[in-house]
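Colleague: please find the sequence and the predicted model below.
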Amino acid sequence: MTELTAQTGTRTYGLFVDGQWEPAGSGRTFPVTDPATGATVAFVADAGADDARRAIEAAYRAFPAWSRTPAVDRSRILRHVAALMRERKEPLARQLTREGGKPIREARGEIEYAAGFLDWFAGEAERVYGDIIPHWTFGKRHLVLKQPIGVVAAITPWNFPAAMVTRKVAPALAAGCTVVLKPAEQTPLTALALAELFAQAGLPPGVLNIVPTSDPRPVGEEMLHNELVRKITFTGSTEVGKYLMREAAGQVKRVSLELGGHAPVIIFDDADLDKAVAGTLASKFRNMGQTCVCANRIYVQRGILDAFAQRFAEAVRSLKVGHGLEEDVQVGPLIDAAGLEKVKSHVDDAVAKGARVLTGGHVITGDGFSGGCWYAPTVLVDMHDEMRIMKEETFGPVAPIIAFDTEAEAYRRANDSRYGLAAYVFTENINRALRAAERLEYGIVGVNEGLPSTPQVPFGGFKESGIGREGGPYGIHEFLEVKMVGLAIDETVPGE
Ligand code: ADP
């Protein structure tokens, strides 16, 4: 990445527009901090609406040539970037941990997951088939073509600084679209590092542009109101997603939204408790509970409630908390003070309404924890539905355990949410597993596993969790228009 200026001993990174690293038009920069310590990691050029406009125009200029580039050549570049990511896995993972706080082992896993989207969509680029539909009338033919939508504006969150970028950029580029990406203000460095790898792999200027900003509103407004942008793809909060959808309606821009979740876990009395404890732990505590598919409500059938709660609390107590760059750390800091405040308020509200704390339940301070936002991994029992944590996304390391009696009750309570992203079921009974998978109103159901997502399957939600699907064979269709070509032909063969 091109370094622009030296500022208080840390590096300053530019915007990536039209294949160039450049300062923001305003000349302003903003700091990126390590959430574990509060220390400044780097400074980044702070894009405004004018910078976003330049990036959109560059993407628009690059579109005709890129969309007509043979799919096999587009694929080659995506595969090359995936290979470069794997080659640089360690420095990329360390940078990701430094800006996002995620434990280093998870960061390495994320780099691999993110590279997987490039591999997968490199393959999909070559399989954008059209159709020929049989005609009803003599002298007619009907063709269906799939064509790239055009310039895509992508907005990504801080909790997966690499994977949310490639999950959007890989299918967009594979389809033949060009992209302007605005990474989250907390974690722009990974996105910028990926842009450098794309350039190194030979991506033409303007095909991918990155415009980090400390204030998402002006850049977002430009993306929403600039007529050159045909599609908004967003991962983030339901609140911002609704705003983007409302504003995109002005020009009927296409939208794909991956929004909040409130994942239920259902553990039936026939579950294998080892699998249930391990799977729930993985789902709940990955990235400190800061993912939209993290377990939020853990429903346990009454007969195994005490056994599960005890074993689960024991496992949670043994989680190692610390700076993500320490090799064996499993739980790092929360992203910022607002995140910590939300977690604290959810636990305090639940306790005030009768919840019992089995472990955790407090902020962590003291040696090694100053400067960052830390909350102890927490298990709560004696929950009831009036507690905020039962309805609102906590986005933190807090596991509420709730008793249930019948299977019907479990589905009814699990589905009682405005969200519908991920749900998890633990049972050794195949009938129950299938009934649960079909009854749960969620876009993703993990059966006996806590981490079901991978690049080759669809990811997305029901209800207020979003619109559209990313990943898998479905992901590329979010970036394609369907065109019908009606052909009138003369069927007479001369000489016949
Ligand atoms: P979170 O609460 O997880 O940070 P947000 O929805 O606020 O979720 O953020 C997700 C992404 O959306 C980030 O890149 C953020 O900068 C961006 N964002 C937030 N508000 C707006 C907005 N008004 N316009 C465009 N992007 C926005």
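Modeller: On my side now, so go ahead. This is a predicted model, so every value here is computed, not measured.
Colleague: domain map for this structure?
Modeller: Residue ranges for the domains of the chain, per automatic domain parsing: 3-259+465-483, 263-447.
Colleague: how far does the longest one sit from its chain's centre?
Modeller: A distance of 12 Å separates the C-alpha centroid of domain 3-259+465-483 from that of its chain, computed with C-alpha atoms, centre = their mean, to the nearest Å.
Colleague: and the residue of the stretch 51-200 of the chain nearest the ligand?
Modeller: Ranking the residues of the stretch 51-200 of the chain by distance to the ligand (C-beta to the nearest ligand atom) places residue 184 first, at 3.8 Å. The way it works is simple: take the backbone N, C-alpha and C, and place the C-beta from them, glycine included.
Colleague: for that residue, give its distance to residue 11.
Modeller: When distances are taken as C-beta to C-beta, to the nearest Å, residue 184 and residue 11 turn out to be 19 Å apart.
Colleague: name the residue in these two with the higher neighbour count.
Modeller: Relative neighbour count places residue 184 above the other of residue 184 and residue 11, with 24 against 15, counting by other C-beta atoms under 10 Å.
Colleague: doesn't that one lie inside a strand?
Modeller: No. Counting by DSSP: H, G, I helix; E, B strand; the rest coil, one finds residue 184 to be coil, located in no strand.
Colleague: give me the nearest residue to it, chain neighbours excluded.
Modeller: Take residue 184 and drop its neighbours on the chain: the residue closest to it by C-beta to C-beta, 6 or more residues apart in numbering is residue 158, 3.8 Å away.
Colleague: ok, the one you found - contacts?
Modeller: 100, 184-187, 335 (C-beta atoms under 8 Å, 6 or more residues apart in numbering).
Colleague: is the residue of the stretch 351-496 of the chain found nearest the ligand in a helix, a strand, or coil?
Modeller: Of all residues in the stretch 351-496 of the chain, residue 395 sits closest to the ligand, with a separation of 7.2 Å (C-beta to the nearest ligand atom). Following three-state DSSP, the label given to residue 395 is coil.
Colleague: my guess is it contacts residue 284. True?
Modeller: No. In terms of C-beta atoms under 8 Å, residue 395 does not count as a neighbour of residue 284; the distance is 11.6 Å.
Colleague: any common contacting residues for those two?
Modeller: Common neighbours of residue 395 and residue 284, using C-beta under 8 Å, 6+ apart, are residue 294.
Colleague: out of the two, which sits in the more crowded spot?
Modeller: Taking other C-beta under 10 Å, residue 395 and residue 284 do not tie; residue 284 has more neighbours (28 against 25).
Colleague: which residues are in contact with the spatially most central residue of the chain?
Modeller: Central residue check for the chain by C-alpha atoms, centre = their mean: the C-alpha nearest the mean position is that of residue 164, 4.4 Å away. Residue 164 makes contacts with 156-157, 235, as judged by C-beta under 8 Å, 6+ apart.
Colleague: following the chain past the helix-or-strand element of the chain with minimal mean pLDDT, name the next helix or strand.
Modeller: Least confident helix or strand of the chain, by mean pLDDT, DSSP states H and E, is strand 3-7 with a mean of 41. Elements were assigned by DSSP states H and E; along the chain past strand 3-7, the next helix or strand is strand 10-13.
Colleague: in that following strand, what's buried?
Modeller: Under the neighbour-count criterion of 16 or more other C-beta atoms under 10 Å, strand 10-13 has 12-13 buried.
Colleague: likewise stretch 299-315?
Modeller: Buried residues in stretch 299-315 (16+ other C-beta under 10 Å): 299-301, 304-305, 308-309, 312-313, 315.
Colleague: who's in contact with that stretch?
Modeller: If you take C-beta under 8 Å, 6+ apart as the criterion, stretch 299-315 is touched by 264-269, 271, 273, 276-278, 280-281, 298, 358-359, 379, 381, 399, 401-405, 410, 413-414.
Colleague: need the pLDDT of the closest residue to residue 357 other than its chain neighbours.
Modeller: Using C-beta to C-beta, 6+ apart and skipping the chain neighbours, the partner closest in space to residue 357 is residue 380 (6.1 Å). In this model, residue 380 is scored at 98, pLDDT.
Colleague: show me what contacts residue 380?
Modeller: With C-beta under 8 Å, 6+ apart as the criterion, the residues that contact residue 380 are 347, 350-351, 355-358, 361, 389, 398-401.
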